[in-house]
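Engineer: This is the structure alone, sequence omitted:
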Ligand code: GAR
């Protein structure tokens, strides 16, 4: 059983999807702790309701990004995680932090990476006239939203869509692909190598699973 630490900043609906998937027996792991940089994140309530340890680490209490990331790393490592999961954690992480968790740090991003790295992805997909949009689970590397892809879920952009409607449909798929990727990792099926992601020892294409 793998040990997972989840980092959040907000609602934690992706955290909930992973909690539910573990409860359903689909993930050979347990969440050792949920850490939020915001005390008012609703995901903390979700974690407490599931009997999971929670920690609030307010980045504003630290002099700079490096100091915060060092403290965060120390707290995370106290739980000896096999996997660290960024689930709506809205902080950029230092290269040192990212390197420390190389091959065991996941993020979910609300776009079909490499399209629309960063924020406001739904609006930007609309403005670009993209025929499809979606979400991506990837390993985190030093390049922001640029790590090797594990799995993507596309949706068509429909006439009449706005950022809100896209966000809602993308969220539904996030809740499917994130538990899936975590399950694969916990089953030992995913490995990050110098040349990319291996699934059951076989290289995944650059887009990951789709
Ligand atoms: C999700 O849509 C996730 O893809 C996004 O934040 C949301 C968190 O929702 N992450 C990013 O934008 C990362 N840059 P949740 O708190 O309900 O899981």
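Structural biologist: Perfect, thanks for sending it. Model, not experiment: these values are computed from the prediction.
Engineer: mind listing what's buried in the helix ranked longest in the chain?
Structural biologist: In the chain, assigned by DSSP state H, the helix with the most residues is helix 163-186. By neighbour count on 16 or more other CB atoms under 10 Å, the buried set for helix 163-186 is 166-167, 169-170, 173-175, 177-186. Yep, even glycine has a C-beta here, placed from its N, CA and C like the rest.
Engineer: Could you grab the helix/strand/coil label for residue 143?
Structural biologist: coil (DSSP: H, G, I helix; E, B strand; the rest coil).
Engineer: Can you tell me the number of residues neighbouring it?
Structural biologist: Residue 143 has 11 neighbours, counted by other CB atoms under 10 Å.
Engineer: now do the one 10 residues further on
Structural biologist: Counted by other CB under 10 Å, the residues lying close to residue 153 total 22.
Engineer: helix or strand for it, which one?
Structural biologist: Here residue 153 sits within strand 149-156, counting by DSSP states H and E.
Engineer: do that strand and the ligand meet?
Structural biologist: No - using CB under 6 Å from any ligand atom, strand 149-156 never reaches the ligand; the gap is at least 11.2 Å.
Engineer: now that strand, how far from the chain's geometric center?
Structural biologist: From the chain centre to the centre of strand 149-156 is a distance of 13 Å (CA atoms, centre = their mean, to the nearest Å).
Engineer: Also stretch 150-167?
Structural biologist: For stretch 150-167, the distance to the chain centre is 18 Å (CA atoms, centre = their mean).
Engineer: Same check on stretch 135-151?
Structural biologist: Relative to its chain's centre, stretch 135-151 lies at 9 Å (CA atoms, centre = their mean).
Engineer: Could you pull out the strands in the protein for me?
Structural biologist: 2-8, 29-36, 54-56, 83-86, 105-109, 132-139, 149-156, 190-193, 196-199, 202-203 (DSSP state E).
Engineer: Tabulate those in TSV, adding columns for mean pLDDT.
Structural biologist: Formatted as TSV, the strands of the chain follow (pLDDT from 0 to 100):
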stretch	mean pLDDT
strand 2-8	98
strand 29-36	98
strand 54-56	98
strand 83-86	99
strand 105-109	98
strand 132-139	98
strand 149-156	98
strand 190-193	97
strand 196-199	96
strand 202-203	96
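Engineer: Distance to residue 92 added to those, as CSV?
Structural biologist: Converted to CSV, the strands of the chain look like this (distance: least, CB to CB, whole Å):
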stretch, distance to residue 92
strand 2-8, 12
strand 29-36, 16
strand 54-56, 19
strand 83-86, 11
strand 105-109, 11
strand 132-139, 15
strand 149-156, 19
strand 190-193, 20
strand 196-199, 22
strand 202-203, 29
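Engineer: Skipping adjacent residues, who's closest to residue 90 in space?
Structural biologist: In this structure, residue 90 finds its nearest non-sequential neighbour in residue 9, 4.3 Å apart by CB to CB, 6 or more residues apart in numbering.
Engineer: Excluding chain neighbours, give the residue nearest to whichever residue of the chain sits closest to the ligand in space.
Structural biologist: Closest contact between the chain and the ligand, by CB to the nearest ligand atom, is at residue 88 (2.6 Å). Sequence neighbours aside, residue 10 is the residue nearest to residue 88 in space, at 5.0 Å (criterion: CB to CB, 6+ apart).
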